[in-house]
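Visitor: Sequence and computational prediction follow.
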Amino acid sequence: MDLGDVRMRMALTVAAVAVCIWMIHPLEKTINLGLDLKGGVHMVMRVRTDEAVKADVDLTRERMRATLVDKGITPGEAGSDGLTTIVFSGIDPARLDEARTLLRDQDPRYGVETRAPGTLRLTLRASDVSAVRDSAVRQALEKIDMRINKFGVAEPMIQRKGVGPSADQIIVEIPGVEDPQRVKDLIGSPAFLEWKLVKVPPGVMADQYRPPDNEQAVAAAFGGTLPQDVMVMPQDVNTEGRHFTLYWPVTRHSPITGNDLKNARRDNDRFGGPAVNFLLSADAGQRFQDLTRANQGQLLAIVLDGHILSAPRINAVIAERGIIEGGNFTVESAEDLALKLRSGALPAGLDILEERTVGASLGADSIHDGIAATIVGSIIVILFMLVYYQLAGVNAVVALVVNLLILLATMASLRSTLTLPGIAGMALTVGMAVDANVLVFERIREELRHGRTIKAAIHAGFDRAFATIIDSHVTTLIGGLALLGFGTGPVKGFAVTLIVGIIANLLTALFMSRALFDSLLTANPRMQRLSI
């Protein structure tokens, strides 16, 4: 046996142990704890994909209507018939074919039919409806991830539940959260921002208009029927301890939306109160400038998620920069709104199907019980190996300790999250580590009974147990990879620990344990009896 080779392997083993200890020190800062150990929030949410389909259809209808108007084909009415259908009626029959061609070319996703004279009915195809729903869930997943990561929490888990367009649920786990309600509000609201012109009733000056506190009065001010391009939106008002709702007539079309924002941050209004400062993109800034120049003296409503925050008077031309005020902001709510606007609006609302809050004390109990179980199990295993395999059992104990060090160091380097099932995976790793040593030790015993020398028995024991060890570990590894690929949350935590433990076990059982035996033989080449 080459002495230099043995020394090199032992030096590598010692160096690996030293690096592992360095990587995991201090343990409380290098290992991230999961929701079940640290406490936090677990939520399952459903994306309202119907809203995303409706928004897509409504936007398409307005674009198509604008296209027809640009070509001098003014429809009498533009409405919807069901979730996925657009109806244009009152079109000049002589230009019906021209209108059909225009609309079909503008958006090929819609099938166009003629159901009555002067009427076109457009229906979004089923495959494209599924595509819109799937896109809504993927966008919601992305926006939620951006909001939570900007919120500054550590190691959140955000993923889609299920596969395919019909999978409309999202799982969110956020460990270590002190204010679950704030996170819930941050995630749950779409934060869709719009600017809409207020359409005051005929004969009323904009600066003298006072919105009524019921919707019927809005229509009555317009002679009983709202104009086609006008809709009613509410504004929640809190003043002097009173809460009431006002209703404003505003344009259906939103010339500027939150999608046009380049940046948003918390600021102070002219009275020193919390507000949100925004910066528009260059193109939107030009549109905003044209809008405010053409509507001097008019009212411009700032709308968030279908509710008006305020409706200030346009007193000057506004370009790229502006401020959102009048929303009864606190410093925290202004900060959250700015964060939502920076990350972008959700494509649809969310319904919370399941919500669970894990307290930090419960997490501490889980850590204590899980670690205690692992330690007790390890002690029992260690005692068994020392009693049954005598001095060779020390080899197994050293390999077991190094195995756990490699496991923790790898998790720290990968920034993996340790969960309660992960601790169970560590306990299982202990059992598998000993199992590999048992296979080798029993093989060495068998070779010694057949009269082999100690050196030959050790080499034959490792060589002949190699295939069995590889076989058992690879089959378990395949199971771990399947759990990692298809599992969620805690199941993935178990899978990560199991996979890393299996790989670490192969290294310690086949490399380090053999190096220890070789070192023993090198130190005592005339050894007559092996304590095994």
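Guide: The structure has been received and is ready for your questions.
Visitor: For the spatially most central residue of the chain, give me its contacts.
Guide: Centroid-nearest residue in the chain, with Cα atoms, centre = their mean: Ile158, separated by 2.9 Å. Contact partners of Ile158, counting by Cβ atoms under 8 Å, 6 or more residues apart in numbering, are Leu141, Ile144, Asp145, Ile148, Ile170, Ile171, Val172, Glu173. C-beta here means a position set from N, CA and C on the backbone, and glycine is covered the same way.
Visitor: Of those residues, which is the most crowded?
Guide: Glu173 (25 neighbours; other Cβ atoms under 10 Å).
Visitor: Shouldn't that one be within a strand?
Guide: Yes: Glu173: assigned to a strand according to DSSP: H, G, I helix; E, B strand; the rest coil.
Visitor: Make 23 the starting number, not 1.
Guide: All set: I'll call the first residue 23, so the last point we hit is now Glu195.
Visitor: Which SSE is immediately downstream of the worst-scoring helix or strand of the chain on mean pLDDT?
Guide: When each helix and strand of the chain is scored by mean pLDDT, DSSP states H and E, strand 99-102 comes last, with a mean of 68. The C-terminal neighbour of strand 99-102 among helices and strands, as given by DSSP states H and E, is strand 107-111.
Visitor: Residue ranges in the stretch 273-422 of the chain under the pLDDT threshold?
Guide: Applying pLDDT under 70 to the stretch 273-422 of the chain flags the ranges 348-350, 381-386, 388-389.
Visitor: Please, where are all the helices along it?
Guide: 304-316, 353-365, 382-411, 413-435 (DSSP state H, counting those that start in this stretch).
Visitor: Report the angle between the third one and helix 413-435.
Guide: Translated: helix 382-411. With axes from the mean of the first three to the mean of the last three Cα atoms, to 10 degrees applied, the angle from helix 382-411 to helix 413-435 works out at 150 degrees.
Visitor: to the chain's geometric centre, what's the distance from helix 382-411?
Guide: Relative to the mean C-alpha coordinate of its chain, helix 382-411 is positioned 34 Å out (Cα atoms, centre = their mean, to the nearest Å).
Visitor: And stretch 481-496, by the same measure?
Guide: A distance of 42 Å separates the centroid of the chain from that of stretch 481-496, by Cα atoms, centre = their mean.
Visitor: Give me the contact list for that stretch.
Guide: With Cβ under 8 Å, 6+ apart as the test, stretch 481-496 has contacts from 454, 457-458, 461-463, 465-466, 468-469, 474, 524, 527-528, 531-532, 536.
Visitor: From those residues, list just the buried residues.
Guide: 454, 458, 461-463, 465-466, 469, 474, 524, 527-528, 531-532, 536 (16 or more other Cβ atoms under 10 Å).
Visitor: Can you point out the buried residues in the helix ranked longest in the chain?
Guide: Determined from DSSP state H, the single longest helix within the chain is helix 476-508. Within helix 476-508, the residues scored as buried using 16+ other Cβ under 10 Å are 476, 479-484, 487, 491, 495, 498, 502, 505-506.
Visitor: and Pro224, how many neighbours?
Guide: Pro224 has 9 nearby residues by other Cβ under 10 Å.
Visitor: Over to Ala316?
Guide: 11.
Visitor: what does Phe539 give?
Guide: Phe539 has 23 neighbours, counted by other Cβ under 10 Å.
Visitor: Could you report the pLDDT at it?
Guide: Per-residue confidence (pLDDT) for Phe539: 84.
Visitor: out of everything not next to it in sequence, what's closest to it?
Guide: Excluding its sequence neighbours, the residue lying closest to Phe539 (Cβ to Cβ, 6 or more residues apart in numbering) is Ile480, at 5.0 Å.
Visitor: that older thread, take the helices of the stretch 273-422 of the chain and lay them out in a markdown table including distance to Phe110.
Guide: Output for the helices of the stretch 273-422 of the chain, formatted as a markdown table (distance: least, Cβ to Cβ, whole Å):
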| stretch | distance to Phe110 |
| --- | --- |
| helix 304-316 | 26 |
| helix 353-365 | 34 |
| helix 382-411 | 59 |
| helix 413-435 | 60 |
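Visitor: Of all these, which one comes closest to Gly61?
Guide: Judged by Cβ to Cβ, the one of the helices of the stretch 273-422 of the chain that comes nearest to Gly61 is helix 382-411, at 3.7 Å.
Visitor: What helices and strands are in contact with that closest one?
Guide: When contacts are defined as 3 or more Cβ pairs under 8 Å, 6 or more residues apart in numbering; DSSP states H and E, helix 382-411 packs onto helix 57-60, helix 413-435, helix 442-471.
Visitor: now the angle between helix 476-508 and the last one, please.
Guide: Read it as helix 442-471. Angle of helix 442-471 versus helix 476-508, following the same axes, to 10 degrees, is 160 degrees.
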